[in-house]
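> whatever this is, show me its structure:
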Amino acid sequence: MRQAILAIDIGASRTRARLFDLRGEVLDEASLPAATDSPFAGAAELDCEALWRDLVGTATALRTEGLKIAALGVTAQLGTIFIDESGDVVQKAMLWADTRAQAEAQEFEQAFGEEAYAVSGRRMAPELAAPRLMWLRRRRLDAFERVRRIASIKDFVLERLTGAVVTDETHASYTGLFDVEKRRWSARLMRRAGCDPAMFAPVRLASGKAGGLVKGAAAQLGLAPGVPVAIGAPDGTSGAIGAGAIRPGVTVDVAGTTDVLLHCLPRPVKDPQRRLVLNAHAAAGTWAAGGPTGFTGGAVSWALNLFGFRGLAESQRALSESLSAVPPGCDGLVFCTGLTGSRFPHWNAGERGALTGIEPRHGPLHVLRAAQEGAAFVVADAIDAMRRCGADVSEVTAVGGLAADRAAIQLRADVLGVRVVRLATEEASSVGAAMFSGVCANLYPDLEAAAKAFVRVRDTVDPGPAVAELRRARARWREAR
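Next up is the predicted model:
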């Protein structure tokens, strides 16, 4: 039978399942909208049982006749799940956009922010496990007293699939309690944060094997028990791996609901202004500097929904020619896209979106184009922060939903002032998950060999004549922020 790899990507907007052959070709795919919820201001939640049902639904929708599933990989958006002694979930998963622990994060920053950054490579932010544990202890003591383990969304799924309690180095980095240089849990940060080390899983390489598919999960997925399952990594990091960031010097923009910027490094670097996030990267012996920016592509989707478009693909077909008629700079209209707060490089969870410079001549197309420009300006600020810390960013590989729109990629090239590379597949997070699982199942000797099968360039886009006008538009945007 023909061998295939199953990759599952639990994103902010959709849960996707894709089948790949060993040459990296997509054999089939399926998806369902993500079952996320925002019951009150600052909350962004995911029901874990609904997540599992969506995962099973997408995986079983794939056509697997004549195929032997030789490996399974999972990636997911960032999130925190609290688990009790019986293995049950204490409450809904808190997603990366959940800002309920903002006050607790600020307390951590004021108490030992510089010390924590020196070890963990990041500011204390409300998306991290340490301030969320404090929030739970203060606001839901009954739930806090039940907590015995903390897991990411991907690691929760791994346990369902394999029974293994394990995490990867990048997810560990995103707790704020991991020594990113030494690549191990920090006992000192655990003590300072009042966290029990027993709550956190052992840390392993993303391309390592979590275990084999257990019988119960195999029966639900319609697969054979024992299929090797990779440990994997977060969706942004998996997207960077799927875009070829497996060696130092590569810069990737995983452009979805948020833009995740990663520059691959041979050694750790620190930012004196503490803007950069430093992760232990999923490729062995490397680090990644950059971080998730916030609600960039999400602001574009918000504007599309406001004007009646149901998705990015529909808007590309309907609006591509019309949007090109809006001049660079949008006739003075400025869209600040921080609808849910900002992350890298501005780090202001209280920031909110704004439209400024509105005049009677502005219409829906101006708003849509201004949202695209505002998202690109956030990415440009992120690239500048990376450069100030020594990163040589002369080319950016773009993947994610944005990469399907050549006009949007031209805008990115014009704003960033560098060549932007588009790959043959935009959905790179699932590609990265497939690469990890292929290595863990010994289908490829290493990520380098997996990249030769999976990573293909579609085209490149160089900056055009709009650079000067967009530079002036970016100055107006900075003033508005």
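
> CA atoms for contacts and neighbours, from now on please.
Fine.

> please tell me the pLDDT value assigned to the residue of the chain positioned farthest from its centre.
Within the chain, P360 marks the point farthest from the mean C-alpha position, 37.6 Å out by C-alpha atoms, centre = their mean. P360 carries a pLDDT value of 96.

> same question, G290
93.

> helix/strand/coil for it?
Three-state assignment for G290 (DSSP: H, G, I helix; E, B strand; the rest coil): strand.

> quick one on the thing from earlier: against V326, how distant is the residue farthest from the centre of the chain?
When distance is defined by C-alpha to C-alpha, to the nearest Å, P360 is 15 Å away from V326.

> dump the residue contacts of the nearest residue to T237 once chain neighbours are set aside.
Take T237 and drop its neighbours on the chain: the residue closest to it by C-alpha to C-alpha, 6 or more residues apart in numbering is A282, 7.1 Å away. Going by C-alpha atoms under 8 Å, 6 or more residues apart in numbering, A282 touches D168, E169, T170, L205, A206, S207, A233, T237, S238, I241.

> and with 10 Å instead?
Applying C-alpha atoms under 10 Å, 6 or more residues apart in numbering to A282 gives the contacts 168-171, 204-207, 232-234, 237-238, 240-241, 245-246, 288, 432, 436.

> distance check, it against V260.
For A282, the distance to V260 - C-alpha to C-alpha - is 15 Å.

> ok, the residue nearest the centre of the chain - contacts?
The chain has G236 as the residue nearest its centroid, 3.1 Å off, counting by C-alpha atoms, centre = their mean. G236 makes contacts with 11, 75-78, 242, 252-256, 258-262, 291-292, 400, 428-429, 432, as judged by C-alpha under 10 Å, 6+ apart.

> out of those residues, list just those in strands.
Taking DSSP state E, the ones among those that sit in strands are T75, A76, V252, D253, V254, A255, D259, V260, L261, L262, G291, P292.

> pLDDT below threshold where in the stretch 101-250 of the chain?
Nowhere does the stretch 101-250 of the chain drop to pLDDT under 70.

> ok, now with 90
108-115, 123-125, 192-195, 236 (pLDDT under 90).

> how about stretch 141-155: buried residues?
F144, R146, V147, R148, R149, I150, A151, S152, I153, K154, D155 (16 or more other C-alpha atoms under 10 Å).

> how close does R274 sit to R343?
R274 is 12 Å from R343, by C-alpha to C-alpha.

> same check on Y117?
For Y117, the distance to R343 - C-alpha to C-alpha - is 15 Å.

> before we move on, what about H281?
On the measure of C-alpha to C-alpha, H281 and R343 end up 19 Å apart.

> who's more crowded, the two?
Between H281 and R343, counted using other C-alpha atoms under 10 Å, the more crowded position is H281 (32 against 26).

> now the strands for the stretch 251-400 of the chain?
251-255, 259-265, 277-280, 287-292, 334-336, 354-356, 395-399 (DSSP state E, counting those that start in this stretch).

> quick check: helices, which of the buried residues of stretch 141-155 are part of them?
Per DSSP state H, helices hold the following members of the buried residues of stretch 141-155: F144, I153, K154, D155.

> who's in contact with the first one?
Same thing as F144. So F144 contacts F82, I83, D84, V90, L133, M134, W135, L136, R137, R138 (C-alpha under 10 Å, 6+ apart).

> got a PyMOL select line for the buried ones in those?
Of the contacts of F144, the buried ones can be selected in PyMOL as follows, counting by 16+ other C-alpha under 10 Å:
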select buried, resi 82+83+84+90+133+134+135+136
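
> chain center to stretch 202-213: distance?
20 Å (C-alpha atoms, centre = their mean, to the nearest Å).

> same question, stretch 23-38
On C-alpha atoms, centre = their mean, the centre of stretch 23-38 falls 15 Å from the chain's centre.

> buried set for that stretch?
G24, V26, E29, A30, S31, A34, A35, T36.

> just send these back as CSV, with secondary structure, distance to I5 and pLDDT too.
Shown next, in CSV, are these (DSSP: H, G, I helix; E, B strand; the rest coil; distance: C-alpha to C-alpha, whole Å; pLDDT from 0 to 100):
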residue, secondary structure, distance to I5, pLDDT
G24, coil, 9, 96
V26, strand, 10, 95
E29, strand, 12, 96
A30, strand, 14, 97
S31, strand, 16, 95
A34, coil, 23, 86
A35, coil, 25, 81
T36, strand, 27, 85
